[in-house]
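**Student:** structure for the following, please:
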Amino acid sequence: MEQPLVSIIVPVYNGEKTIERCLRSIQNQTYSNIEIIVINDGSTDHTQKVIDKYAAFDSRFHPIQKLNSGVSDSRNVGIKAAKGEYLQFVDGDDWIVKQATEEFVKTALTFGCEMVISDFYRVRGRKVIAKGHINAGPVITKMKYAEYMMEAPANFYYGVLWNKFFKADIINKFHLSCSPELDWCEDFRFNLEYLLYVGKVGVITKPLYYYVKTKGSLVDTQINFQVTVRTKRVLFDHYKELYKAMDIYEENKLRIGMFYFSFAHDKSKKVRSA
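**Tutor:** Numbers count the residues shown, from 1 in each chain. I've put the predicted structure just below:
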């Protein structure tokens, strides 16, 4: 069977210190039928020099330069440029394990999943913590996924793009995109909209992604109470729409309403040194 093309979308801004580690981890994937779309979001450092170095020697790299407009717009640019049957997202300051794309593809094809989700590592300094939430699998229904999500509605595991695997035809058919209007949790809106069109979810209960938690990041410094409330109000409408579409909103509206009072937290599996 012919291997499907996977488009790996990498937004980066001023990432000269981390982008090489990121791109090397993608280049060294055991699954080779990939295109790597690297969107330089108006970096003012030497990020582009690193990207050009990889593109010069590996035709799978496709650099895109644009004026600074934020990570959501960068991802949208990548989505429009993608030619793959599946989409995978990696941020420029993070990296992935060598078998990440292979594991995603294998799960999606074996079980006919419209989405695949995996555990991940959170990296802070030299501390590496394995994170996950669903221990079932390797495939569950959208309904079961929704039940798990109700247990931790603001969990990072559910909100981000980079521990998930998406079908491009769903994104293109329903014109799904990331929201530049949101300063926080912009990934979660995309995921909630995408889930409307999912039947089965593949679950990989081992970490495939290294997420670098940076002190002084946007979330740490600029997200105040007002922004949080505004963002959650927007997201709750999408959250509610998803559960109404599955006809399980009324009996669960109190649990779903807890989204307003939930903060991102993850179930830690183990801690080790980097």
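**Student:** please enumerate the strands of the protein.
**Tutor:** Taking DSSP state E, the strands of the chain run over residues 6-12, 34-41, 61-66, 86-89, 95-96, 115-124, 127-132, 139-141, 164-167, 200-212, 267-273.
**Student:** residues in contact with the fifth one: which ones?
**Tutor:** Outside of strand 95-96, the residues that reach it under the criterion C-beta atoms under 8 Å, 6 or more residues apart in numbering are 21, 22, 24, 25, 26, 29, 90, 208, 209, 210. Heads up, the C-betas are built off the backbone N, CA and C, glycines and all.
**Student:** ok, of these, which come out buried?
**Tutor:** Neighbour counting by 16 or more other C-beta atoms under 10 Å classes 21, 22, 25, 26, 29, 90, 208, 209, 210 among the contacts of strand 95-96 as buried.
**Student:** how about the residues you listed in JSON lines, adding distance to residue 42?
**Tutor:** As requested, these are arranged in JSON lines below (distance: C-beta to C-beta, whole Å):
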{"residue": "21", "distance to residue 42": "21"}
{"residue": "22", "distance to residue 42": "18"}
{"residue": "25", "distance to residue 42": "24"}
{"residue": "26", "distance to residue 42": "22"}
{"residue": "29", "distance to residue 42": "27"}
{"residue": "90", "distance to residue 42": "19"}
{"residue": "208", "distance to residue 42": "29"}
{"residue": "209", "distance to residue 42": "25"}
{"residue": "210", "distance to residue 42": "25"}
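**Student:** so which of the residues you listed comes closest to residue 106?
**Tutor:** When these are compared for distance to residue 106 (C-beta to C-beta), residue 208 wins out at 11.7 Å.
**Student:** that closest one and residue 142, how far apart?
**Tutor:** 21 Å (C-beta to C-beta, to the nearest Å).
**Student:** what's near enough to touch the spatially most central residue of the chain?
**Tutor:** Here the mean C-alpha position of the chain is nearest to the C-alpha of residue 161 (C-alpha atoms, centre = their mean), at a distance of 1.4 Å. Contacts were defined as C-beta under 8 Å, 6+ apart; by that measure residue 161 touches 75, 89, 178, 187, 190, 191.
**Student:** which parts of the stretch 151-274 of the chain are helices?
**Tutor:** Read by DSSP state H, counting those that start in this stretch, the stretch 151-274 of the chain holds these helices, from start to end of the chain: 156-159, 168-173, 186-195, 218-222, 225-245, 253-257.
**Student:** who does the shortest one touch, helix- and strand-wise?
**Tutor:** This points to helix 156-159. If you count contacts as 3 or more C-beta pairs under 8 Å, 6 or more residues apart in numbering; DSSP states H and E, helix 156-159 packs onto strand 115-124, strand 127-132, helix 186-195.
**Student:** for residue 16, which of these is the nearest?
**Tutor:** Shortest separation from residue 16 across the helices and strands packed on helix 156-159 is recorded for strand 115-124, at 18.5 Å, computed as C-beta to C-beta.
**Student:** low-confidence ranges, the stretch 151-274 of the chain, go.
**Tutor:** Low-confidence segments of the stretch 151-274 of the chain, defined by pLDDT under 70, span residues 181-186, 215-235, 238-239, 253-274.
**Student:** got phi/psi on residue 247?
**Tutor:** The phi/psi pair for residue 247 (degrees, to the nearest 10) reads phi 60, psi 40.
**Student:** for residue 115, see how far away it is.
**Tutor:** As it turns out, when the distance is counted by C-beta to C-beta, residue 247 lies 20 Å from residue 115.
**Student:** pLDDT at the closest residue to residue 27 other than its chain neighbours, what is it?
**Tutor:** With C-beta to C-beta, 6 or more residues apart in numbering as the criterion, residue 27 has its nearest non-adjacent residue at 6.1 Å, and that residue is residue 58. With respect to pLDDT, residue 58 scores 98.
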